[in-house]
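Peer 1: everything below, folded, please.
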Amino acid sequence: MSRLPGLLLLLLAVATIGACTTAGAPILANPTAPLPSIAPPTPPPAPVADPQPIQLPRDDGPHDRLTEWWYYTGHLQAATGERFGFEYVIFRAERGSFPTTWASHLAITDETSDRFAYGQRLDVGPQVDRSPRGVTGELVGFDLSLSGIDPTDPSTFDRPAWTMAGIGGVDRLAAALAPDEAAAAGVPGGLALTLDLAATKPPALHDRDGWIDFGPAGGSYYYSRTAMDARGQVLVDGEMLDVTGTAWFDHQWGDFISVGGGGWDWFAVNLDDGTDLTLSLVREADGSYPLVYGTIVDADGTTRHLDRDAFSVEVTDRWTSPLTGADYPAGWSIQIPGEGLRIALAPTVAAQELDTRATTGVVYWEGSQEVRASRDGRELGGRAYVELTGYASAAE
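Peer 2: All right, here's what the predicted structure looks like:
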């Protein structure tokens with residue numbers, strides 16, 4: 001579901017004041033800096049009549065729309081038994097004649113050591129997009145690279161790029177915090193992720209055709225690759241480990257600015273019987289839920305839409321952040337009677353909160369989950385990720 005509403009407002013502000021912004025520093029708190037050398041403005045997108053059919057791998061690539069993101073979460077295990085969750089995302093925003101603005105977040109949950117660390121980056125301009133094109137000039141995938149370089153700070157010139165690339169469900173992710181970024185994140189020994197991914201199911205188009213109608217707020221194209229094999233390495237504070245596991249990929253784009261004035265809860269669950277499930281609960285500021293829906297992907301890749309009446313979600317526990325004071329749900333009971341499914345979720349690590357006000361203007365919680373489930377009374381295991389936005393609005 002649509003993520004991080006504050007991102008959209010902040011990225012507009014970044015585009016507006018981009019010539020006076022110091023990369024990698026709090027955007028709205030910067031003193032005026034020397035005018036950096038930035039790329040020329042992005043041409044305004046041509047009007048498009050929505051919805052259009054999603055075509056892959058063309059639509060894996062970037063679109064000339066107001067808002068877009070490529071979003072991975074997943075579950076990894078080392079041969080020595082250590083278990084990790086990860087989140088890696090790149091956001092793209094364009095606002096008229098202002099330069100295209102990009103933000104990225106990397107987070108790793110060390111489930112074995114009860115530890116969570118994350119980093120963030122900001123970049124401006126079309127140089128981030130290196131996406132491949134076919135002989136006709138049409139996009140055939142995506143290839144994105146954020147340097148996070150501050151032209152006024154030579155110490156940032158050697159930062160390794162954060163990259164994300166894929167064509168048709170064969171993807172590669174690579175992100176490593178530079179020493180200054182790692183120190184700021186509380187992991188002086190480093191934080192890095194390198195993964196090769198391969199989809200094992202067809203893409204799932206949400207709301208049947210991949211188009212989510214937000215009403216007056218606009219609309220969004222949205223598909224997921226809910227089951228991807230993962231292999232690579234993680235680095236957590238000096239310890240580099242070979243890992244294997246699974247990943248979930250969301251790609252969303254459209255001409256929308258903000259959806260869900262009160263935030264949302266997003267669930268992505270992979271059950272051991274091969275069933276994949278995502279639920280989105282979007283809140284208004286008054287606590288009502290104008291948009292609630294879900295998608296089930298069967299073991300054979302068949303996709304089915306879930307209306308709001310097809311499932312229920314109840315909060316079973318809560319957690320208060322010692323850093324922001326935000327009060328988050330921290331346990332859930334999900335029931336889908338038509339599927340005979342009961343699912344209980346609990347965070348693997350309580351503190352999986354990200355303060356990304358420096359790049360996207362928001363504080364949110366996103367983390368890996370322990371899963372206990374049953375189908376028609378038969379017990380099932382699984383893996384899950386949950387994202388929670390809007391709960392830290394008072395802290396922001």
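Peer 1: and the strands in the stretch 151-300 of the chain?
Peer 2: 162-167, 170-176, 191-199, 204-205, 211-213, 219-236, 239-254, 263-271, 276-283, 291-297 (DSSP state E, counting those that start in this stretch).
Peer 1: and of those strands, who's closest to residue 321?
Peer 2: Comparing the strands of the stretch 151-300 of the chain against residue 321 with Cβ to Cβ, the closest turns out to be strand 263-271 (14.6 Å). All C-beta atoms are positioned from the backbone trio N, CA, C, and that covers glycine.
Peer 1: so where is the stretch 1-150 of the chain shaky, pLDDT-wise?
Peer 2: 1-48 (pLDDT under 70).
Peer 1: at 90 what do you get?
Peer 2: Residues of the stretch 1-150 of the chain meeting the criterion pLDDT under 90: 1-49, 95-98, 148-150.
Peer 1: which stretch in the strands of the stretch 151-300 of the chain has the least confidence?
Peer 2: When the strands of the stretch 151-300 of the chain are compared by mean pLDDT, strand 211-213 comes last with a mean of 93.
Peer 1: and it, which strands flank it?
Peer 2: Paired neighbours of strand 211-213 in the sheet (DSSP bridges): strand 219-236 (antiparallel).
Peer 1: give the buried residues for the strand it pairs with.
Peer 2: Residues 219-228, 230, 232, 234-236 are the ones in strand 219-236 that count as buried (16 or more other Cβ atoms under 10 Å).
Peer 1: how far away is residue 313 from residue 65?
Peer 2: Distance, residue 313 to residue 65, using Cβ to Cβ, to the nearest Å: 30 Å.
Peer 1: how close does residue 329 get to residue 126?
Peer 2: In terms of Cβ to Cβ, residue 329 sits 39 Å off from residue 126.
Peer 1: repeat for residue 169
Peer 2: Following Cβ to Cβ, the distance that separates residue 169 from residue 126 is 25 Å.
Peer 1: who has more neighbours, the two?
Peer 2: residue 169 (20 against 16; other Cβ atoms under 10 Å).
Peer 1: which ones are touching that one?
Peer 2: 197-199, 203, 225, 228 (Cβ atoms under 8 Å, 6 or more residues apart in numbering).
Peer 1: out of the residues you listed, the closest to residue 174 would be?
Peer 2: Out of the contacts of residue 169, the member with the shortest distance to residue 174 (by Cβ to Cβ) is residue 197, at 11.6 Å.
Peer 1: how many neighbouring residues does that closest one have?
Peer 2: Residue 197 has 23 nearby residues by other Cβ under 10 Å.
Peer 1: please apply the same query to the one 3 residues further on.
Peer 2: Counted with other Cβ under 10 Å, residues neighbouring residue 200 total 14.
Peer 1: one more: the one 3 residues further on?
Peer 2: Look at residue 203: counted by other Cβ under 10 Å, it has 22 neighbours.
Peer 1: ok, now residue 172?
Peer 2: Using other Cβ under 10 Å: residue 172 sits among 15 other residues.
Peer 1: give me the residue at the spatial middle of this protein.
Peer 2: Per Cα atoms, centre = their mean, the C-alpha nearest to the average position across the chain is that of residue 71, at 3.5 Å.
Peer 1: thought that one was touching residue 247?
Peer 2: No - applying Cβ atoms under 8 Å as the test, residue 71 and residue 247 come out as separate, 10.5 Å apart.
Peer 1: rewinding a little: would you turn the strands of the stretch 151-300 of the chain into CSV with distance to residue 375?
Peer 2: Output for the strands of the stretch 151-300 of the chain, formatted as CSV (distance: least, Cβ to Cβ, whole Å):
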stretch, distance to residue 375
strand 162-167, 32
strand 170-176, 30
strand 191-199, 24
strand 204-205, 19
strand 211-213, 27
strand 219-236, 17
strand 239-254, 19
strand 263-271, 8
strand 276-283, 11
strand 291-297, 12
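Peer 1: of the ones you listed, which is nearest residue 141?
Peer 2: Minimum separation from residue 141 across those (Cβ to Cβ) falls at strand 162-167, 3.3 Å.
Peer 1: which elements pack onto that closest one?
Peer 2: strand 83-93, strand 142-146, strand 170-176 (3 or more Cβ pairs under 8 Å, 6 or more residues apart in numbering; DSSP states H and E).
Peer 1: which parts of this protein are helices?
Peer 2: 5-17, 179-184 (DSSP state H).
Peer 1: quick check: mean pLDDT of stretch 359-379?
Peer 2: In the prediction, stretch 359-379 has an average pLDDT of 96.
Peer 1: can I get that stretch as CSV, trimmed to CA atoms?
Peer 2: Taking Å, rounded to 0.1, in the frame of the first residue of the first chain, the C-alpha atoms of stretch 359-379 are listed here in CSV:
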residue,chain,number,x,y,z
THR,A,359,15.3,12.0,4.0
THR,A,360,11.6,11.4,4.0
GLY,A,361,10.3,13.6,6.8
VAL,A,362,8.7,10.8,8.8
VAL,A,363,9.2,8.3,11.6
TYR,A,364,7.8,4.8,11.0
TRP,A,365,8.1,1.2,12.2
GLU,A,366,8.9,-1.7,9.8
GLY,A,367,10.1,-5.1,11.0
SER,A,368,10.2,-8.8,10.7
GLN,A,369,7.7,-11.0,12.5
GLU,A,370,7.3,-14.4,14.2
VAL,A,371,4.4,-16.3,12.6
ARG,A,372,2.1,-18.8,14.2
ALA,A,373,-0.7,-19.9,11.8
SER,A,374,-3.3,-22.6,11.1
ARG,A,375,-5.4,-23.5,8.1
ASP,A,376,-8.5,-25.5,8.9
GLY,A,377,-7.0,-26.4,12.2
ARG,A,378,-3.7,-27.6,10.8
GLU,A,379,-0.7,-25.7,12.2
